[in-house]
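> Need coordinates for the below:
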Amino acid sequence: MNERIRARTVRVINDKGVQLGVMSSRDALKAAREAGLDLVEVAPDTNPPVCKFLDYGKYKYRQRKRNYSAKSHHRMHFKEVRMKAGIDEHDLLIKIKKMRELIEKGDKVLVTLRFIGRQMAHKEFGEERMNRILRELEDIIRVDRPPKFQGRRLTMTIVPK
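Okay, here's the model as predicted:
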């Protein structure tokens, strides 16, 4: 940009997109200053390098905004589905249906199974529930973090295939 351009001659394009031809970098910089803009090297690998008249601050702002908007569309949201270890069959099917909707939407899902009181004596019920969830959703999910106990909770993370 501006004085940092090392090439002696450059191909110049003005701010309207019109090619001004090949000129020395000093003359190009002078013309850019007269237009109230910066001289920015856009294609340094060509011979001679291509430079363009730009408002560099505005250019960087638009580039940052474009990068941010591109990232936000690909962002994966993280959702949590909680249930108790003694969850009833029908309630479990409703939770599985909700998890299917979240996965199809493209979200990561944290499945949390809470154990209350004496339920800790029967951890196998929780593992059974988790395996049931995995069986029901195996066509659309991949297990990111397998079921693991964390205190009185059994948690796992599932993501779309």
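
> Could you break this protein into its assigned domains?
2-71, 78-160 (automatic domain parsing).

> got those as JSON lines, with mean pLDDT and mean neighbour count columns?
All C-beta atoms are positioned from the backbone trio N, CA, C, and that covers glycine. Below are those laid out as JSON lines (pLDDT from 0 to 100; neighbours: other C-beta atoms under 10 Å):
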{"stretch": "domain 2-71", "mean pLDDT": "85", "mean neighbour count": "14"}
{"stretch": "domain 78-160", "mean pLDDT": "92", "mean neighbour count": "15"}
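
> Grab the longest strand from this structure for me.
If each strand of the chain is counted by residues according to DSSP state E, the longest one is strand 141-150.

> So what are the sheet partners of the helix or strand just after that strand and their directions?
Next helix or strand after strand 141-150 toward the C-terminus (DSSP states H and E): strand 153-160. Strand 153-160 has the following sheet partners, assigned by DSSP bridges: strand 108-114 (antiparallel), strand 141-150 (antiparallel).

> And for the next helix or strand after the first one, what's in contact with it?
Proceeding C-terminally, strand 108-114 gives way to helix 123-137 as the next helix or strand, assigned by DSSP H and E. Contacts with helix 123-137, where a contact means C-beta atoms under 8 Å, 6 or more residues apart in numbering, come from 83, 85-87, 92, 95-96, 99-100, 103, 111, 113, 115, 119, 141, 143, 147, 149, 154, 156, 158.

> got the angle between helix 123-137 and strand 141-150?
170 degrees (axes from the mean of the first three to the mean of the last three C-alpha atoms, to 10 degrees).

> Now find how far off-centre helix 123-137 is within its chain.
The chain centre lies 30 Å from the centre of helix 123-137; the measure is C-alpha atoms, centre = their mean, to the nearest Å.

> Just the CA atoms of it, as PDB, please.
Written as PDB, here are the backbone C-alpha positions of helix 123-137 (Å, rounded to 0.1, in the frame of the first residue of the first chain):
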ATOM      1  CA  LYS A 123     -26.300 -46.000  37.000                       C
ATOM      2  CA  GLU A 124     -27.100 -48.700  34.500                       C
ATOM      3  CA  PHE A 125     -30.600 -47.100  33.900                       C
ATOM      4  CA  GLY A 126     -28.900 -43.900  32.800                       C
ATOM      5  CA  GLU A 127     -26.500 -45.800  30.500                       C
ATOM      6  CA  GLU A 128     -29.500 -47.700  29.100                       C
ATOM      7  CA  ARG A 129     -31.300 -44.400  28.300                       C
ATOM      8  CA  MET A 130     -28.200 -43.000  26.600                       C
ATOM      9  CA  ASN A 131     -27.800 -46.100  24.500                       C
ATOM     10  CA  ARG A 132     -31.500 -45.800  23.500                       C
ATOM     11  CA  ILE A 133     -31.000 -42.200  22.400                       C
ATOM     12  CA  LEU A 134     -28.000 -43.300  20.300                       C
ATOM     13  CA  ARG A 135     -29.900 -46.100  18.700                       C
ATOM     14  CA  GLU A 136     -32.900 -43.900  17.800                       C
ATOM     15  CA  LEU A 137     -30.700 -41.200  16.300                       C
END
